[in-house]
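> need a 3D model of the sequence below.
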Amino acid sequence: MNRAPFRLALLDASHDRSSFDSGARALDRYFKEQVTQDVRRRVASCFVALTEDQRIAGFYTLASASVPLTELTPEAIKKLPRYRVVPTVRMGRLAVDQAFKGQGLGGALLGDALTRAARSEIAAYALVVDAKDEPAAAFYRHHGFIALPETPLTLFLPLATVPIKSQGPA
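This next block holds a predicted model:
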C-alpha cells in the first residue's frame, strides 16, 4: 500500500515555519510572522501539508466570511433566499513551498479545504477565494470556481457541488 506523500494537520507550535519559501514574499511573511496570531485570535485556522520528516510543504487558511447576495452571479442569486448576505468560508491564503511545486500539492490543498468546508456542521453556501493575480485566478477557475461579476479576482465555488467521500463508521 502506498503512503500519502503528505500528511495534513492543523498548524501548531511544533511545526518549523522558518525555512518555508513559496517565492511570494507576502505569503511567506504572513506564514512566518502573523498566522499564529490569527489562529490564537480565532480569526483563521491554518492547515499544513507535512512531509514524512515534518517539513512544511504547503499551507492554507480558512475563516468564516460572508458575501453580499448582490455580488454573486445572477445564476447563484436565483437559487438562494433573499438574505442581504450569504454565509461563506474564505480561504485566505494558499501557498506551496518552491521545493514541492509542480507535484499537484496546490490542488490537493484546495481539495482538502473544500472538503473541510463542505463537511462542516456550520452552514456556508460557498468557499470564497481572493486570487492575488490572474494566474492564481486561472488556477481557481480550472478547479471550477466562478468569478464574482464586479471583482473577477474574487471567486467562489458552491459547497453543494463538492463531492463528499464517506468517512466510514464513527
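> next, the distance between the ends of stretch 146-162.
Taking CA to CA, to the nearest Å, stretch 146-162 runs 14 Å from one end to the other.
> need the residues that contact that stretch.
67, 71-73, 76, 88-89, 114-115, 117-118, 124-134, 136-137, 140-141, 143-145 (CB atoms under 8 Å, 6 or more residues apart in numbering). In this view, the C-beta of every residue, glycine as well, is placed from N, C-alpha and C.
> now the buried members of the residues you listed.
The neighbour-count criterion (16 or more other CB atoms under 10 Å) marks 67, 71-72, 76, 88-89, 114, 117-118, 124-131, 136-137, 140, 145 among those as buried.
> give me the subset of the residues you listed lying in helices.
The helices, defined by DSSP state H, take in 76, 114, 117-118, 136-137, 140 from the buried ones among the contacts of stretch 146-162.
> need the residues you listed in JSON lines (columns: pLDDT and distance to Val48).
Supplementary listing: those in JSON lines, determined by pLDDT from 0 to 100; distance: CB to CB, whole Å:
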{"residue": "Ala76", "pLDDT": "94", "distance to Val48": "31"}
{"residue": "Leu114", "pLDDT": "97", "distance to Val48": "17"}
{"residue": "Ala117", "pLDDT": "96", "distance to Val48": "17"}
{"residue": "Ala118", "pLDDT": "95", "distance to Val48": "20"}
{"residue": "Ala136", "pLDDT": "93", "distance to Val48": "20"}
{"residue": "Ala137", "pLDDT": "96", "distance to Val48": "24"}
{"residue": "Tyr140", "pLDDT": "97", "distance to Val48": "20"}
